[in-house]
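A.B. asks: 3D, please:
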Amino acid sequence: MPELPEVETVRRGLQPVLEGARLAKVEARRPDLRFPFPERFSERLTGRTITAIGRRAKYLIIHVQDGPVLICHLGMSGSFRIEADDDSETPGVFHHERSKSTAHDHVVFHVVSAAGARSRVIFNDPRRFGFMLFAEELPETHPMLAGLGVEPTGNTLDGVLLASLLKGRRSPLKAALLDQRLIAGLGNIYVSEALWRARLSPLREAGTIAKPAKKAREQSERLAEAIRSVISDAIASGGSSLRDYMHTDGSLGYFQHSFAVYDREGEPCPRPGCGGHIERIAQSGRSTFYCRTCQL
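C.D. replies: Numbering: from 1, shown residues only. Reported below is the predicted structural model:
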């Protein structure tokens, strides 16, 4: 499933084409994805102008003038692609190719820019785990978004806040960081990378870095900084190309070339002077990659 940096990269790819553009036509080619489309889905969007495209955790939030807010989730295999009105090809050459079959093109937005340029923004999803829903009021009150925790971007997430979120929690540290009610948008890849940067074991009890002792305060601050930096670096690199992920223009993300531990089982730990090796363990049915020598 695409993680926060991938969704942010998709948002940035869609923004120049969609913001300020008019939805001349909206095609929903089936009645549902993961959930049924909202009633009068196409009718309520057609003719509207898109005023802004935002993101909350792993959700895209599309604001339209005098209309409902559209909340989109990519699911496991969903992707957007942008096509000029006279071009039916998906641009880009990529290693892990996504579906180009029109059988999986489930939603097509026909858009006209303020300058009159026409293009199509197509949502393709072979597994149909993605979805599109309307938020009638403020999007943050929608059930999908209302319970989400703090964003792991910017300076909001610091050591003090992180310690307050983890205080008293006896679950493994990695499991706590994946709890979307605490920190929104963190996924398996970037939690593994952040824990390595912070030199903290994914197996340690989460509450141990939330104690008043100086060492715990240093650990919580180190981890907060690692989370912010790994997300920032991944966004700057365009996300990660894992399995069938690609950007809106068909190109790959490149952060996977910077992985320190993820998917590197058996390789030497890249931390200078460590001497350990990367191991893979299973936690809650997911693979965790870490170095037991330097992550304590």
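A.B. asks: make it CA atoms for all contacts and neighbour counts henceforth
C.D. replies: Will do.
A.B. asks: would you mind finding the longest helix in the chain?
C.D. replies: Longest helix in the chain by number of residues (criterion: DSSP state H): helix 214-236.
A.B. asks: okay, whatever helix or strand comes next after that one in PDB with CA atoms only?
C.D. replies: Downstream of helix 214-236, the next assigned helix or strand under DSSP states H and E is strand 279-283. Taking Å, rounded to 0.1, in the frame of the first residue of the first chain, the C-alpha atoms of strand 279-283 are listed here in PDB:
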ATOM      1  CA  GLU A 279      17.500  -9.200  10.200                       C
ATOM      2  CA  ARG A 280      13.900  -9.700   9.200                       C
ATOM      3  CA  ILE A 281      11.300 -10.600  11.800                       C
ATOM      4  CA  ALA A 282       7.500 -10.700  11.700                       C
ATOM      5  CA  GLN A 283       5.400  -8.300  13.800                       C
END
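A.B. asks: list the helices and strands strand 279-283 packs on?
C.D. replies: strand 286-290 (3 or more CA pairs under 8 Å, 6 or more residues apart in numbering; DSSP states H and E).
A.B. asks: just the CA trace of the strand it packs on, in CSV.
C.D. replies: What follows is strand 286-290 as a C-alpha-only set of coordinates in CSV (Å, rounded to 0.1, in the frame of the first residue of the first chain):
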residue,chain,number,x,y,z
ARG,A,286,4.3,-7.6,8.8
SER,A,287,8.0,-7.8,8.0
THR,A,288,10.2,-5.7,10.2
PHE,A,289,13.8,-5.1,9.2
TYR,A,290,16.4,-4.0,11.8
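A.B. asks: quick check: mean pLDDT of stretch 233-242?
C.D. replies: Here stretch 233-242 scores 66 as its mean pLDDT.
A.B. asks: returning to what we had before: same question for the longest helix of the chain: list its buried residues.
C.D. replies: 216-217, 219-232, 234-235 (16 or more other CA atoms under 10 Å).
A.B. asks: report the contact partners of residue 184.
C.D. replies: By CA atoms under 8 Å, 6 or more residues apart in numbering, residue 184 lies in contact with 56-58, 148-152.
A.B. asks: kindly recompute the last result at 6 Å.
C.D. replies: 57, 148-151 (CA atoms under 6 Å, 6 or more residues apart in numbering).
A.B. asks: now do the longest helix of the chain: everything it contacts.
C.D. replies: By CA under 6 Å, 6+ apart, helix 214-236 touches 5, 152-153, 158-159, 194, 197-198, 209, 255.
A.B. asks: now the closest residue to residue 145 other than its chain neighbours: how far from residue 27?
C.D. replies: Leaving aside its sequence neighbours, residue 145 sits nearest to residue 139 (CA to CA, 6 or more residues apart in numbering; 7.2 Å). To residue 27, residue 139 is 23 Å away according to CA to CA, to the nearest Å.
A.B. asks: who has more neighbours, the two?
C.D. replies: When neighbours are counted by other CA atoms under 10 Å, residue 139 comes out ahead of the other of residue 139 and residue 27, with 20 against 16.
A.B. asks: distance check, that one against residue 60.
C.D. replies: Taking CA to CA, one finds residue 139 at 11 Å from residue 60.
A.B. asks: same question, residue 233
C.D. replies: Here residue 233 is placed at a distance of 20 Å from residue 60 (CA to CA).
A.B. asks: for residue 48, same thing?
C.D. replies: 18 Å.
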